[in-house]
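Asks: The sequence and its predicted three-dimensional model are supplied below.
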Amino acid sequence: GAVVSQHPSRVICKSGTSVKIECRSLDFQATTMFWYRQFPKQSLMLMATSNEGSKATYEQGVEKDKFLINHASLTLSTLTVTSAHPEDSSFYICSARGSSVTYEQYFGPGTRLTVT
Amino acid sequence: GESVGLHLPTLSVQEGDNSIINCAYSNSASDYFIWYKQESGKGPQFIIDIRSNMDKRQGQRVTVLLNKTVKHLSLQIAATQPGDSAVYFCAENPQTLTGGSYIPTFGRGTSLIVHP
């Protein structure tokens, strides 16, 4: 149980275009989802926390107009990188919790974004 | 956790040896700690957790030790195998909610390389 999927697993896009990444909880309802960004050989950096039906809470330094997060249902959150640039190339990982007041979180397999 | 954005330290061991991976955490009020394993190109996987009211917890071939006095967490892997090669992260979770969620903080990670 507690499986989280991400789609796509890899995406290459041209500079200036937007790309959407989906994160789904397959067998549980995710009241809270987290979006992380990870550069090579570095730790996970939390970008934002989203609770279903609410606006996402962004971490300091993360541009909310560039990284649009939508958590419209209890099983789906999307991250849209708008007007992507090469410096946005990274590994994006989501995780989900079945309750906002629990510690356990289940990670997706990640999405490798390359902006050319 | 330790500073993010720094390159990963590396631990190299021989197959069959025991491995000890360390993590210094930052918040003395953190309540729940998790060790994750992340293989290349994948999302983190849960290994073992420990609450702040414990100082040791054992799983299958893994043991987590918590020293709250010095804010230190360690992961011990017995009889390390090549399949254990991965990056290992610790994560600390606070006692208090932020925006309705417990926001985890990840340590910088350690790259474990197991030589056959």
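Replies: Nice, thanks for sending it over.
Asks: got a list of what the residue of chain B found nearest chain A touches?
Replies: Per CB to the nearest CB, residue B:43 is where chain B lies closest to chain A, at 3.8 Å. Placement of C-beta: from N, CA and C, glycine included. By CB atoms under 8 Å, 6 or more residues apart in numbering or on different chains, residue B:43 lies in contact with A:4, A:6, A:93, A:95, A:107, A:108, A:109, A:110.
Asks: got the contact list for the nearest residue to it once chain neighbours are set aside?
Replies: The shortest distance from residue B:43 to any non-neighbouring residue, by CB to CB, 6 or more residues apart in numbering or on different chains, is to residue A:107 (3.8 Å). Neighbouring residues of residue A:107 by CB under 8 Å, 6+ apart: A:4, A:93, A:94, A:95, B:36, B:43, B:44, B:45.
Asks: go on, residue B:112?
Replies: B:10, B:11, B:13, B:19, B:21, B:77, B:80, B:84, B:85, B:86, B:87, B:88 are the contacts of residue B:112 under CB under 8 Å, 6+ apart.
Asks: Now the last one: phi and psi?
Replies: Which is residue B:88. Torsion angles at residue B:88 (phi, psi; degrees, to the nearest 10) stand at phi -110, psi 130.
Asks: For it, name its beta-bridge partners.
Replies: On the basis of DSSP bridges, residue B:88 is bridged to residue B:37, residue B:110.
Asks: The second one now?
Replies: Beta bridges link residue B:11 to residue B:112 when assigned by DSSP bridges.
Asks: Quickly run through the sheet partners of the helix or strand bottoming out on mean pLDDT in chain B, with directions.
Replies: Using mean pLDDT, DSSP states H and E, strand B:105-106 stands out as the lowest-scoring helix or strand of chain B, at a mean of 90. Strand B:105-106 has these partner strands in its sheet, going by DSSP bridges: strand B:86-93 (antiparallel).
Asks: Now the partner strand: buried residues?
Replies: B:86, B:87, B:88, B:89, B:90, B:91, B:92, B:93 (16 or more other CB atoms under 10 Å in any protein chain shown).
Asks: and it, what's its mean pLDDT?
Replies: Strand B:86-93 carries an average pLDDT of 94.
Asks: likewise stretch A:48-68?
Replies: 91.
Asks: Take it and give me the span from its first residue to its final residue.
Replies: 10 Å (CA to CA, to the nearest Å).
Asks: and it with chain B, contact?
Replies: Yes: Stretch A:48-68 lies within reach of chain B by CB under 8 Å from any CB of the partner chain, at A:49, A:51, A:57.
Asks: on that earlier part again, kindly indicate which of the buried residues of strand B:86-93 lies nearest residue B:73.
Replies: residue B:90 (5.1 Å; CB to CB).
Asks: which residues touch that closest one?
Replies: B:1, B:23, B:25, B:33, B:34, B:35, B:36, B:73, B:75, B:106, B:107.
Asks: who's in contact with the residue nearest in space to the middle of chain A?
Replies: Centroid-nearest residue in chain A, with CA atoms, centre = their mean: residue A:35, separated by 3.6 Å. Contacts for residue A:35 were tallied using CB under 8 Å, 6+ apart; they are A:23, A:46-48, A:50, A:56, A:67, A:69, A:77, A:79, A:92-94.
Asks: Would you double-check that it falls in a strand?
Replies: Yes: under DSSP: H, G, I helix; E, B strand; the rest coil, residue A:35 sits within a strand.
Asks: Residue 17: neighbouring residues, count only.
Replies: Unless you meant another one, I'm taking chain A. Residues within reach of residue A:17, counting by other CB atoms under 10 Å in any protein chain shown, total 12.
Asks: Correction: the question concerned chain B.
Replies: 14.
Asks: No more questions from me, cheers.
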